[in-house]
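J.: after the sequence you'll find the predicted model.
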Amino acid sequence: MKKNVLSILRIIFPVSVILLVIFQAKKELAGMSLKEAVLVINNIERTNLFTLVFLGLVAIAVMSLYDYVLVRSLGLQISKRKTFKISWISNSFNNVLGFGGLSGAGLRTIFYKEYVHDVKQLIKGIAWLASSILLGLSFLSIFVLARLLPSGNLLMEKVWLLPAIIAVALIVPGGFVALIIKKKRNHDGEKGLRLSVFASYLGASVIEWLTAGAVMYYALVTMGIELDIRIVLGVFTIASVAGMISLVPGGFGSFDLLFLIGMSEMGVNQEITLTAIVLYRIAYSFIPFIIGLILAAIALTGNTLKKLEEKPIFAPAIETTNVLLTIHRALLLRLLNGSLAVIAFCCGMVTIASVALPIDTLMLDLPENILTLFNALSLSFGLLLLILPLELYKRTKRSYYMTLTALTFAFVFTVFKGFNLSAIFMIPLVFLLFVLLRGQFLRDRAAYTFTQMTWALIIYLFALFNYNLLASTIWERFGRLLAKDYLIYSEIHVNYVTVFAAIFVPLFLSLFIFLFNKKTEQIGEEPNMEKLETFLNEEGGNALSHLGFLGDKRFFYSSDGKALIQFAKIGQRLVVLGDPSGQKESFPLILKEFLHSADQKGYLVIFYQIEQEDMGLYHDFGYRFFKLGEEAIVDLTTFTISGKKRAGLRAIHNRFNREGYTFHVEQPPFSKEFLDELRGISDEWLGRKREKSFSLGYFNEEYLQRAPIAVLKDANGKIIAFMNLMFMYQKGEISVDMMRYGEDAPSGIMDALFIHLFQWGKEQGYTTFNMGMAPLSNVGTSIQSFWTERLAAIIFNNVRYMYSFSGLRSFKEKYKPVWRGKYLAYRKNRSLPVTMILVTRLIGRRMK
C-alpha cells in the first residue's frame, strides 16, 4: 500500500509542478511582444553570439571533471579522450532530459559497463557522481543565505523557496560531517565515499555551476544588460534549486520562470530577460545536445548498439513501476537509437527556417522567378529531412541514400538562394557524419503501417502549413526591417513556394521509393520438392507441411538445417503457414533468423494457423494472437460405428454398402485417365467458384501425385467422390486435404467416405485422424469480445472461404473428436482486421 502511494505521488508531483509553471508563465508572459523579441535577437552582434555559444560549450566541457573523478576513483582503464566523449554525451542529454540526473546515470552505466568487472561498484560510483551535482549548488546556496550572492526580495516574494534553499545549503556541511563520522567509526578511509573523492566532486560541481552561471550572465550582457555578476548568480542559484526540486526534465519552465521573476525584481525588462533565457538554453542546452547526439551516433555502433537494442542497461535508480520514469527511459532509448534521425530533423528545421526568414542574397542579378524556384527547392528538401527520420530511426539503406540526396540539394539551393551561416556549416557536417556512419544502415527498407504513414503525412502537412503561415507573416510584416535589400518579400512568393513543395515532395518520395524497391531481394528459397521431401522425411513436419508441395510458397531453412518455414508474400507482409517444421529445439533459432531476415528486407511477418503449444515462442517475439478456429482430431484406436450413439453413422455406412458403393485407396503414380476423371469431379464441385490456395490444396496434378487418393465408386465403377490424403510427418497421424464430389452424388457421401477412411486408417496402423479446422468456432461471438476480433471474424467468415462452414463443426462433432485450437499471430500495434484482409487475399489469390 505504501509503495503504491509513493508511486502515485511520484506521478502527481511533477505533473502538478508542470501545471503550476504553465499557469504562472501565462500570467508572467502576458502582453509580451514576439515581434520585439525577434527584432532584439536579430540585432545581436554575431561576435557576442559566437562568444556565448563558445561559453556554453566550455560549460559542458567543464562537466567532464565529474567523469575524471569517477574514472580515477574506480580505477577504470579508459582514455581521457573516451572519458570526455562519454561525459559530453551524458551531460548534454542530462541537461535536456533531466529527471534529477537519471539520464546521465543511465548513459554512464551503458558506456562504462564494459570497462568494469564489478557492475555494482560502477552503479554505486555513478550514484555518488549523480548526487554530487548538488554539491556546487549547495555551496552557492550557502552564499545566497549569507547574502554574499544577493537576490533582492525573491526569497521574500517566494517564501516556499526558502526551506528548499536551506535544505540544499546543508548538503555540503552535512556531507562532510557524515563522512568524518563514518571514517572514525570504520577506521578505514577506503570504505564508502572517501573524503578526497568528496572534495574532488565538490570542486568539480562548484566549477560547473559557476560556468553555467557565467553563461547566463553573458546572455544578459549580450542583451545589453549591465548587472553585478553576484546578483545574476544569486538569482540563478535560486532558480536552479527550483528547477532541481521540480523534477521537470532539464528544469524547463520552472527554472526559466523563477529566473524571469527574479530579474523582474531587479528591474530588468521581462522581454529582454526572456530573450536572454532563450539564448542561454540554446548555448547551454540545445547546441551541446546536438553535438551530444552526433557523438552518441558515432559511439553507439557495433556491440554497444546491439546491447542497447537487445537489453537496455540502466541504473536501478530508474524504477520501472514509476510511469513518468518509464516514459523517460523509453524516450532516452529512442533518442539514442534515433540520434541520426534527430540530427536530420534538426537539419530540416534549419533549412526551412532559412527559407522562411528573408536574408541577403548572394546573387542579386538572378531573376525573381529563379530565386523563388531556389526557395521552393530548399523548402522541399527541408521538408524531406523532417519526414525521413521516421525511416532513419530504422536505419534502412533507402533512408540513408534519400537523406544524403536531401542534404546535398538542401545545401546547394540554400547557397544559391542566399548565405545562411547555420545551414552552410551544419549541413556539410551532418552529411560527413552520415557518410562516416554508413555502416549502421544495414536494412534494405522498412514496412509501414497505415498509422505510421498517417503520422508522416501529418508532420509534412503541419510543417508546410506553418511555413506558409509564419513565412507570410515574417516576410510581409518584418521583411523590410530584417533585410532591407532583399528582392522578394511578398506573400505571393510564399504561396508559390508552398504549392511547389506540396507537389514536389510526394513525387520525389514516390519515385525514389519505387526505384529503390525494385532492387530489394526476396528472402528464403524457391520451392525445391526433392529437398523438401528429404527434409520432411529426416526431420519431421506437421499438419500443414505437406502443403509445401503445392509450389506456391517459398522456403526458409534454419542455419543448422533442422527447421523449415514455408511462407508467401502479400504486399509488404510475409505470411507463414503454420508452425516451423522439423526439430522443436531449432524453432527459436529459425524464428529469430527468419524475423531478422524479414526485418532487414522491410517485411512484416504474420503466422497463420499456429498451434497453442508454441504460442509462448511467438509472444517472446512481440506477437499477439487471434483464434482462427479449432481442428478436429479423431482417435482411430477407439473409433467405431457400433452402439446406439453411432446408429446414424452406421445407417449411412450400411446404405452405401447396400447400394453397391465401394471404397478404394489408390496409390501414386496415377494415370492421366484417372486424374482427368478426378478433374471432372473437381470442376463440377467448383462450378463457377475459384480455387483457393496457400493453406488449402487445389487441383494440381504434381501435388496429387505426392500421396494416396481415397475414392468412392458407385455400383457401375464410376468415381463419385474423392479425398487426397496428407501425410502428417508425425507418428500415427494422417489427414486429408481436398474433399470433392460430383453433382450426382447422393446425400451423406462425405460421411460415407470419412467412415471408410477411418476404418482403413485403423487397419493401416494409424492412431489419429486430423479432420481439419472448423474456422471461427466460438470466436468473436460474444458481445464482450474485442470489436477487432468480431470484425475479423466477419471478414474471415465471409471472405476467406467460398465454402460454407457454418455447419462444419456440427458435421465433425458427430465423430466425437478432440478439438485443438489454431491461431493467427500478428505483431502488436498492427491492425487485426487489416491483417485478416491480407490473409484472405492471399488465400483467394488466383492460381495459374
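T.: On my side now, so go ahead.

J.: confidence score at Tyr618?
T.: You'll see Tyr618 listed with a pLDDT of 90.

J.: now do Asp599
T.: Asp599 is given a pLDDT of 84.

J.: so what's it up against?
T.: Residues near Asp599 by Cβ atoms under 8 Å, 6 or more residues apart in numbering: Arg443. Where you see a C-beta, it was placed from the backbone N, CA and C, and this is true even at glycine.

J.: look up how far Asp444 lies from it.
T.: As judged by Cβ to Cβ, to the nearest Å, Asp599 and Asp444 stand 10 Å apart.

J.: helices of the stretch 101-250 of the chain, start to end?
T.: Along the stretch 101-250 of the chain, the segments classed as helices by DSSP state H, counting those that start in this stretch run 102-112, 119-145, 154-157, 161-169, 171-186, 195-222, 229-246.

J.: out of those, the one nearest Pro527 is which?
T.: helix 102-112 (45.2 Å; Cβ to Cβ).

J.: for that closest one, list the C-alpha coordinates in CSV.
T.: C-alpha atoms of helix 102-112 as CSV (Å, rounded to 0.1, in the frame of the first residue of the first chain):
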residue,chain,number,x,y,z
LEU,A,102,18.8,9.9,-14.2
SER,A,103,19.6,10.4,-17.9
GLY,A,104,23.3,10.9,-17.1
ALA,A,105,23.3,7.9,-14.7
GLY,A,106,21.8,5.6,-17.3
LEU,A,107,24.1,6.6,-20.1
ARG,A,108,27.2,6.3,-18.0
THR,A,109,26.1,2.8,-16.9
ILE,A,110,25.8,1.9,-20.6
PHE,A,111,29.2,3.3,-21.7
TYR,A,112,31.3,2.4,-18.6
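
J.: what's the next secondary structure element after the longest strand seen in the chain?
T.: Counting residues, the longest strand in the chain under DSSP state E turns out to be strand 623-635. Next helix or strand after strand 623-635 toward the C-terminus (DSSP states H and E): helix 647-658.

J.: roughly how far is the helix or strand just after that following helix from the heart of the chain?
T.: Next helix or strand after helix 647-658 toward the C-terminus (DSSP H and E): strand 662-666. Counting by Cα atoms, centre = their mean, to the nearest Å, strand 662-666 is centred 57 Å from the centre of its parent chain.

J.: now for strand 662-666, which elements pack on it?
T.: strand 709-713, helix 749-763 (3 or more Cβ pairs under 8 Å, 6 or more residues apart in numbering; DSSP states H and E).

J.: would you format the ones you listed as CSV with mean neighbour count, mean pLDDT and distance to Ser695 included?
T.: Below are the helices and strands packed on strand 662-666 laid out as CSV (neighbours: other Cβ atoms under 10 Å; pLDDT from 0 to 100; distance: least, Cβ to Cβ, whole Å):
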stretch, mean neighbour count, mean pLDDT, distance to Ser695
strand 709-713, 21, 92, 20
helix 749-763, 20, 90, 20
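
J.: can I get the ones you listed in a markdown table with distance to Ile565?
T.: As requested, the helices and strands packed on strand 662-666 are arranged in a markdown table below (distance: least, Cβ to Cβ, whole Å):
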| stretch | distance to Ile565 |
| --- | --- |
| strand 709-713 | 28 |
| helix 749-763 | 29 |
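
J.: for these, which one sits closest to Leu74?
T.: helix 749-763 (70.8 Å).

J.: how many neighbours does Lys601 have?
T.: 18 (other Cβ atoms under 10 Å).

J.: got any ranges where the stretch 651-800 of the chain has weak pLDDT?
T.: 776-800 (pLDDT under 70).

J.: what's the next secondary structure element after the helix or strand containing Leu574?
T.: Assigned by DSSP H and E, Leu574 belongs to strand 573-577. Following strand 573-577 in sequence order, the next helix or strand is strand 581-582 (DSSP H and E).

J.: can you pull the pLDDT of the closest residue to Tyr460 other than its chain neighbours?
T.: By the measure of Cβ to Cβ, 6 or more residues apart in numbering, the closest residue to Tyr460 outside its immediate chain neighbours is Ile387, 5.6 Å from it. With respect to pLDDT, Ile387 has a value of 85.

J.: shouldn't Phe694 be in contact with Leu838?
T.: No. In this structure Phe694 lies outside contact range of Leu838 using Cβ atoms under 8 Å: 11.5 Å.

J.: of those two, which one has the most company?
T.: Between Phe694 and Leu838, counted using other Cβ under 10 Å, Phe694 has the larger neighbour count: 23 against 19.
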